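Student: below is the sequence, then the predicted model.
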Amino acid sequence: MLENTGNEIFNFASEFLADAGKNVVIVPHENPDGDAVGSAIGLAQILKNSGQNVYVLSPNDYPDFLKWFSSEIEVAIFERERKRAKKWLEAADLMICVDFNDAKRAARLEKEILAFSKPKLLIDHHPNPVYFCDYTVSETAYSSTAELVYDFITQIGFEKYLDHNAAEALYTGILTDTGSFSHNTSRPNVFKVVAELMKFGINTDKIQSNIYHNFSAGRMKLLGYCLNKKMEVFPELRSAVISITKAELEKFNFKPGDTEGFVNYPLSINNIVFSALFIEKEGLVKASFRSKGNFPANAFAKNHFNGGGHVNAAGGESKEDLKKTIRLFKQLLVQYKHQLLETII
Ligand code: 5GP
Ligand code: MN
């Protein structure tokens, strides 16, 4: 199942984890999403159950709608808990990076990751990985890192350490990275892994509710405002864009995670195959891209917004101001007209 992963990696992991009492630190990417948090906590719980001391170190905080896990794994937020993080990093025997393909994606933790001198293992499903770890598990066919974590731990004989709490976290990763099983679900393995996780009695209705029915009123109003006032649709280019200024975020009491998913809405419009969301941040504009079919959002993000990601879900940033960024984006759409019109969905 893990087609790109050599036996030396499984051998390393099995041998390294054979003795209990090792200190393992697990790192998700900056602005961690459901898959990053779910994979990190799920894997941490499994390794903890096997007798290791495991900590999750996140570059920055993650949204409240991901803060209900049954697992009691210790999580430190590097941005505001430097001392605790440093202590963990100094004591760690192994670092496992999850759900990112380049140390840069860990942003403020990048330096610490690169400087970490003990073994580093990467488990990820994004295309075009940078080999910044000693051992790289890069499997782009997987829907999510969480699905991949399940197969990886099974491969090294650790499935016996799965429990309810680990299953709940891994399920969350799969659920969120597939948009509630609406994309990246063409491989039967996704459902096979889900079926295995279900055996631990996880409450999938509750998980769905915790994640998707847990928004603040401000977030819902911001979404309504964006769709009504800020969405521009270009049917002749099969594209749409939404932009949000800092002032607008403040007006709606923005909290991290509030704009999660906004970029997907325009793709529900008939015949739209490419959607972009630009958000004004301190000193830069954050870009999110979503596409359907074979239009490569990741190549678009890489070529024009210093980013990357998956074919249908990518992101990047712009150092120009918001107005200029949108102007540039619209010019790019015209350049991509042919490819947009030719996109097969
Ligand atoms: P989102 O739009 O949800 O922030 O990100 C969607 C996907 O795009 C992520 O899973 C990640 O793969 C990728 N991505 C987002 N932002 C960046 C970025 O700044 N650089 C790169 N290389 N990838 C990004
Ligand atoms: Mn992922």
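Tutor: Everything's here; your move. Residues are numbered from 1 along each chain as shown. Ligands and ions are numbered 1, 2, ... in the order given.

Student: and K330, how many residues sit next to it?
Tutor: 15 (other Cβ atoms under 10 Å). (Glycine included, C-beta is placed from N, CA and C.)

Student: can you give me phi and psi for it?
Tutor: Note on K330: its backbone torsions stand at phi -70, psi -40 [degrees, to the nearest 10].

Student: stretch 142-154 near ligand 1 at all?
Tutor: No: contact of stretch 142-154 with ligand 1 (Cβ under 6 Å from any ligand atom) is absent, the minimum separation being 9.7 Å.

Student: sec struct for the residue of the chain found nearest ligand 2, please.
Tutor: Nearest residue of the chain to ligand 2 (Cβ to the ion) works out as D35 at 3.4 Å. Three-state assignment for D35 (DSSP: H, G, I helix; E, B strand; the rest coil): helix.

Student: mind telling me what element F289 is part of?
Tutor: strand 284-291 (DSSP states H and E).

Student: residues in contact with that strand?
Tutor: Applying Cβ atoms under 8 Å, 6 or more residues apart in numbering, the external contacts of strand 284-291 come out as 262-264, 267, 273-279, 297, 300-301, 305, 307, 309, 311-322, 325, 343.

Student: mind checking the SS state of T136?
Tutor: Under three-state DSSP, T136 comes out as strand.

Student: sorry, slip of the keys, the one I care about is A276.
Tutor: Looking at A276 with three-state DSSP, the answer is strand.

Student: per the record, what domains does the protein have?
Tutor: What the record gives for the chain is the domain set 7-212, 217-342, from automatic domain parsing.

Student: mind putting the ones you listed in TSV, mean pLDDT included?
Tutor: What follows is these, written out as TSV (pLDDT from 0 to 100):
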stretch	mean pLDDT
domain 7-212	97
domain 217-342	97
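
Student: how about the residues of the stretch 101-250 of the chain near ligand 1?
Tutor: R105, H126.

Student: quick one: the helices in the stretch 101-250 of the chain?
Tutor: 110-115, 145-155, 164-177, 188-198, 204-212, 217-225, 246-251 (DSSP state H, counting those that start in this stretch).

Student: circling back: ChimeraX command to pick out the buried ones of the contacts of strand 284-291?
Tutor: In ChimeraX syntax, the buried subset of the contacts of strand 284-291 is picked out as below (16 or more other Cβ atoms under 10 Å):
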select :262,263,264,267,273,274,275,276,277,278,279,297,300,301,305,307,309,311,312,313,314,315,316,317,318,322,325,343
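
Student: in helices, which of the contacts of strand 284-291 fall?
Tutor: Counting by DSSP state H, the contacts of strand 284-291 place A297, F300, A301, F305, L322, T325 in helices.

Student: now the fourth one: closest residue in space, sequence neighbours ignored.
Tutor: In this case it means F305. Closest residue to F305 apart from its sequence neighbours, by Cβ to Cβ, 6 or more residues apart in numbering: G316 at 3.0 Å.
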